[in-house]
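Undergrad: A predicted structure for the sequence below; I have some questions about it.
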Amino acid sequence: MEGIGTGGAALSAAAAARTAPAQRPQPEPEHAPAKSAPDVDRYMPEGERACAGLYRVKRDENGAPKVLFDGPEGRPAETCTSDTERVDRELEGLRRQREALARQADRERDPVRAQALERRLAQVEAQLARKDNESYRRQNTDFS
């Protein structure tokens, strides 16, 4: 290491040596393309886009965006039908089964067999209670 007093002179000489080559213009290679003006972002206004649904955005008289609703005029109406016939048939079958089991249980003389019929009747009634409501109908509705 050099002395303290000579460090400043050595530093300035080293700094001058480093900056000197950078200041010299370097010749451009012959095969390099000519420099052109840098590309600049430009605003390109878009044309009005076709709407894809019932809503579209349009500018009002002040230039503010406004959402407009296009009604279904000119478009074919879509129809959707719901059918609960399958659920109704299932519930009607359970009701008939409940009535038949109740009649059999009333007529049965054997207590063991009557008890088995009562258990089966309780199962059918529980199933009917679970399925005979509006929620079950909605969940099992067929749409077409």
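TA: That came through, no problem.
Undergrad: Which SSE is immediately downstream of the lowest-mean-pLDDT helix or strand in the chain?
TA: Every helix and strand in the chain was compared by mean pLDDT, DSSP states H and E; the lowest is helix 4-23, with a mean of 55. The element immediately downstream of helix 4-23 (helix or strand, assigned by DSSP states H and E) is strand 55-59.
Undergrad: the inter-axis angle of the following helix or strand past that following strand versus strand 55-59?
TA: Using DSSP H and E, the next helix or strand after strand 55-59 towards the C-terminus is strand 65-69. Counting by axes from the mean of the first three to the mean of the last three CA atoms, to 10 degrees, strand 65-69 lies at 140 degrees to strand 55-59.
Undergrad: just use 46 as the starting number from now, easier for me
TA: Taking 46 as the first residue, the last one we looked at is strand 110-114.
Undergrad: buried set for strand 110-114?
TA: Residues of strand 110-114 classed as buried: none (neighbour count, 16 or more other CB atoms under 10 Å). All C-beta atoms are positioned from the backbone trio N, CA, C, and that covers glycine.
Undergrad: now for that strand, which elements pack on it?
TA: strand 100-104 (3 or more CB pairs under 8 Å, 6 or more residues apart in numbering; DSSP states H and E).
Undergrad: residues in contact with the strand it packs on?
TA: 110-115 (CB atoms under 8 Å, 6 or more residues apart in numbering).
Undergrad: and these as JSON lines, adding distance to residue 169?
TA: Shown next, in JSON lines, are the contacts of strand 100-104 (distance: CB to CB, whole Å):
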{"residue": "110", "distance to residue 169": "61"}
{"residue": "111", "distance to residue 169": "60"}
{"residue": "112", "distance to residue 169": "55"}
{"residue": "113", "distance to residue 169": "57"}
{"residue": "114", "distance to residue 169": "51"}
{"residue": "115", "distance to residue 169": "53"}
